[in-house]
Structures are given as C-alpha cells and as structure tokens.
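Visitor: Starting from these lines, generate the structure:
(chains A, B, C and D)
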There are 2 protein chains.
Amino acid sequence: MRPQKVLDDEILAGLTKVFRSKGYEGASLKELAEATGLKKASLYHRFPNGKQEMAETVLNHIGEWVQNNVFLALADEEVSPQMRLKNGILQITKLYNGGEETCLLRALSMKAGLDLFNEQIQNGMQDWINAFYNLGLELGFSTSKATKYAVQTLVDIQGSLIVTRGLNDIKIFEETLKKIESNYLE
Amino acid sequence: MRPQKVLDDEILAGLTKVFRSKGYEGASLKELAEATGLKKASLYHRFPNGKQEMAETVLNHIGEWVQNNVFLALADEEVSPQMRLKNGILQITKLYNGGEETCLLRALSMKAGLDLFNEQIQNGMQDWINAFYNLGLELGFSTSKATKYAVQTLVDIQGSLIVTRGLNDIKIFEETLKKIESNYLE
DNA sequence: GTCTATAGCTAGATAGAC
DNA sequence: GTCTATCTAGCTATAGAC
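Guide: Numbering: from 1, shown residues only, chains lettered A, B, ... in the order given. Next up is the predicted model:
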C-alpha cells in the first residue's frame, strides 16, 4: 500500500478553507486540489461523489468540532454556567479565527448549497440554538427567555460575521461576543 | 429604432432575483438571460462589461431604492423620530419581502464578489449604520449609544436574514424587526 | 493512492445576420 | 436591439498508467 501523500487533516483543512471563503459554487476543483496539495483525480479517489461529498465531509467535520469544543464547553457540568459561557465564547472565537473566517453554514447558504445541504444547515443552526437554550435554563431563565436569547445569540454571531467582513472591521465581531457574554450574565 | 423587447425594469428585476439568490459566482449568464427574458447576446448589448456590470447595476439600483425608501423614511423631518422608525422598518420589510429574500450585499459577499465589489459593499453597509446612527441622535441618544445601536441594528438585520433562511422560519426575521423597533423606543 | 491525460460539458463572451 | 451561431477557457468528472 502506497503511503498517502497528504494526511487527512491537511486535506480537510484545505477543503474547509476554500469552501468557507468561496462557497459551494465558487469553489472549483482546481482550487480545492491546490489547497489540499492533491491533484484533482486524487481528490476523486478520496471523495468518489466529487464536490458534493467534499462539502458534506467538511460540514460534518466542522459540525463535530463545534460539538466537541463549543457545545461541550457550554454544557460542561464541572464548572458554573457563567464559566461555561466564557469557555464557550473562547471556542467560538477560535472557530471563526477571531472574526477573520466566515461561517461554513452561511457560506453554503446560497441557493445551490441550500438545496444540497438543506438538512445539515438547518440541523447545524438548530444545534447552536439548543446549546444556548440549555445554557439559559442553567442560568435560571424561563423557557421563553432562554429561547429568545438563544436565537438572538445565533443572529448576533451570524450578523456580526457578515458585517465584520463587509466593513473589514474585526472589532464588530469582538464587540458582539462581549455583548453576548454580558447579555447572559447581567 | 427597434423597440426594446423587454423594459429596463423587468431586466433589472430578473438580474436582481438571480444575483440575490445565487450570489455572483452562482449566477450564470444562462440563468440571467432566462430571468430577464433576453438572450445572452442581448444582455451583452445592454451590459458590455458582462456579468460584472450587471451585478454593479443591480447593486446601484438597490442602493438607490434603499436611499429613496428606507433612509428617506428614517430621515423624514416631517414626522417624529418614533414614526420615522416605524416607517423605516416597514420599508425594510418590503425590501426583504418579509424575510423571503436575502440581502444583495450579503449575496455578493463571498470571496469573488467581495474582491470585485468591496467598495460598494462597504459603503452600502456604512450607509445603513449612518442612517440608524442619525435616528439614534434624533431620539436623544449619546453618540456612543447611537453608534452601538446602529451597528447592532445592521447585525440584527443581516443575522436574522441568515438564520431565517437556514431554519426556513420567517418568524425570526419578523421578531427581529419588532425587537429593533422596541430597542429604539423603550 | 497518486498521477497525467482527456472526455464532455457549460461557462462567459463575441461575430455578424436581420 | 435582438437574435442564432460560435469561440475559447474553464468546469466537473473519468480512464488508465504507475
């Protein structure tokens, strides 16, 4: 068995970078190949269903990362709800590289991507809301307040990433994370 | 002079619909032609610089609409600041068709579009912030509070449109507009 | 498992008849 | 001003050598 020229992690990192910045239709196989260091044909060996499978794999991989880092921090029963929030927000900062990176769910949310990944996008967003909903309950919120705050938190994250990119001003993302934290803790 | 087969308004409407839903790279000339009712070659007659010019035209056209409707309502000195807000939000609902339509600035905000339309997108977003900043001042806010609220309003609009699409739940957009209104008026 | 080469198609864009 | 026809380049995807 010939050794893999590129490790799986590097492949995933390359695919992720391209899909995040270019979206589904904007990501060409040429770019995906260059970003992973593999040739196009080799990519098809790893992902027989082509571009769609590559995007699905990236979606699942980021989804797992969020589960194992963001949501785990938010639900960690070892520490206080206040501390969970702080830790969760730290993981969110990491996920979006301080506001430099866009959200993959959003990047795949133009018409073509939405049609293909409708379910993953919907579930992914619902998971975010659920994670913050549960945190709200732990902080003593009513169910309706917990829901309201959870939805607003997702709106804040998505909106601030958009505006951060549009205005090329990372402070908007940073301030929004601070606002989310103080929202829950006041 | 041969009569134009399709009125300019219909052409713009078709281009707008496609760019909004598909983004810049996702919008193909085939689709743009079908949506406008013109053949590709005819589109090139109207827009000699091709797809980029079509997107620029749509950007400018929506920008003007926003100026003449949303911002005008928000700045109308004939009525009270409270009423301006109500009217402005009505225009925003119209702009996004109650949450069914995405924001063009966002649709053109993936890498390729950002590179081409950086300036229009940045100016467009800054205009939104300025409009709400001025409204805040009229309501007696300090400059720092007015800035904070204006940025948050843009974040709310962009974020709620994303989450509305992702969850396929238009109530998120509706509730966000209500929240923006009560934010300013309480 | 990776590569070169290429198929088959669609993209954006143009020429020229009417 | 609109059309049919076509160009070239790029796309996704596959074949087959190593």
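Visitor: Could you list the low-confidence segments of chain A?
Guide: The model of chain A has pLDDT under 70 over residues A:1-3, A:5-7.
Visitor: I'd like the next helix or strand past the lengthiest helix in it.
Guide: If you go by DSSP state H, chain A has its longest helix at helix A:111-138. Per DSSP states H and E, the first helix or strand lying C-terminal to helix A:111-138 is helix A:143-167.
Visitor: my read: A:His61 touches A:Thr16, true?
Guide: Yes - A:His61 is in contact with A:Thr16 according to C-beta atoms under 8 Å; the separation is 7.2 Å. The way it works is simple: take the backbone N, C-alpha and C, and place the C-beta from them, glycine included.
Visitor: The two: which is more packed in?
Guide: Just comparing A:His61 and A:Thr16: by other C-beta atoms under 10 Å in any protein chain shown the higher neighbour count belongs to A:Thr16, 23 against 17.
Visitor: which non-adjacent residue is nearest that one?
Guide: A:Val58 (5.0 Å; C-beta to C-beta, 6 or more residues apart in numbering or on different chains).
Visitor: What about that neighbour, how many residues nearby?
Guide: Look at A:Val58: counted by other C-beta under 10 Å, it has 24 neighbours.
Visitor: what residues are up against it?
Guide: A:12, A:15-16, A:19, A:104 (C-beta atoms under 8 Å, 6 or more residues apart in numbering or on different chains).
Visitor: Quick one: residues contacting A:Leu12.
Guide: By C-beta under 8 Å, 6+ apart, the contact list for A:Leu12 reads A:57-58, A:61.
Visitor: Correction: the previous question concerned A:Glu10.
Guide: Going by C-beta under 8 Å, 6+ apart, A:Glu10 touches A:36-37.
Visitor: What residues does chain A have near DNA strand D?
Guide: Applying C-beta under 7 Å from any atom of the strand, we find that chain A lies next to DNA strand D at A:27-31, A:40-41, A:44, A:48, A:50-52.
Visitor: 10 Å - rerun?
Guide: Residues of chain A lying near DNA strand D by C-beta under 10 Å from any atom of the strand: A:2, A:22, A:24-33, A:39-45, A:47-54.
Visitor: now check stretch A:24-43, is it near DNA strand C?
Guide: Yes - Stretch A:24-43 lies within reach of DNA strand C by C-beta under 10 Å from any atom of the strand, at A:25, A:29-30, A:33, A:36-43.
Visitor: would you list those residues in TSV and tack on neighbour count?
Guide: Formatted as TSV, the residues of stretch A:24-43 next to DNA strand C follow (neighbours: other C-beta atoms under 10 Å in any protein chain shown):
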residue	neighbour count
A:Glu25	21
A:Leu29	16
A:Lys30	9
A:Ala33	18
A:Thr36	24
A:Gly37	13
A:Leu38	20
A:Lys39	13
A:Lys40	15
A:Ala41	9
A:Ser42	16
A:Leu43	20
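Visitor: Inside helices: which ones of those?
Guide: Taking DSSP H as the definition of helices, the residues of stretch A:24-43 next to DNA strand C contribute A:25, A:29-30, A:33, A:36, A:40-43.
Visitor: and those as a markdown table, adding distance to B:Glu119?
Guide: Formatted as a markdown table, those follow (distance: C-beta to C-beta, whole Å):
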| residue | distance to B:Glu119 |
| --- | --- |
| A:Glu25 | 23 |
| A:Leu29 | 31 |
| A:Lys30 | 28 |
| A:Ala33 | 32 |
| A:Thr36 | 33 |
| A:Lys40 | 35 |
| A:Ala41 | 40 |
| A:Ser42 | 39 |
| A:Leu43 | 35 |
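Visitor: overlap between these and the residues near chain B?
Guide: Checking these against chain B by C-beta under 8 Å from any C-beta of the partner chain, the ones in range are A:Glu25.
Visitor: Among the ones in helices among the residues of stretch A:24-43 next to DNA strand C, which one sits closest to DNA strand C?
Guide: If you rank these by distance to DNA strand C using C-beta to the nearest atom of the strand, A:Ala41 comes first, at 2.9 Å.
Visitor: Pull the contacting residues for that closest one.
Guide: Contacts of A:Ala41 by C-beta under 8 Å, 6+ apart: none found.
Visitor: what's the spacing between it and A:Leu29?
Guide: Distance check for A:Ala41 against A:Leu29: by C-beta to C-beta, to the nearest Å, it reads 10 Å.
Visitor: go on, A:Val155?
Guide: Between A:Val155 and A:Leu29 the computed distance is 34 Å (C-beta to C-beta).
Visitor: Over to the closest residue to A:Thr36 other than its chain neighbours. Which of the three states is it?
Guide: Closest residue in space to A:Thr36, ignoring its immediate chain neighbours: A:Gly14 at 3.7 Å, by C-beta to C-beta, 6+ apart. Put simply, A:Gly14 is helix when judged by DSSP: H, G, I helix; E, B strand; the rest coil.
Visitor: A:Gly14 contacts A:Glu31, doesn't it?
Guide: No - in this structure A:Gly14 lies outside contact range of A:Glu31 using C-beta under 8 Å: 9.2 Å.
Visitor: of these two, who's got more company?
Guide: A count of neighbours by other C-beta under 10 Å puts A:Gly14 above the other of A:Gly14 and A:Glu31, at 22 against 18.
Visitor: Chain B contacts on chain A?
Guide: By C-beta under 8 Å from any C-beta, the part of chain A that sits against chain B consists of A:21-26, A:105-107, A:109-112, A:114, A:121-122, A:124-126, A:151-152, A:154-160, A:162-163, A:165-168, A:172, A:175-176, A:179.
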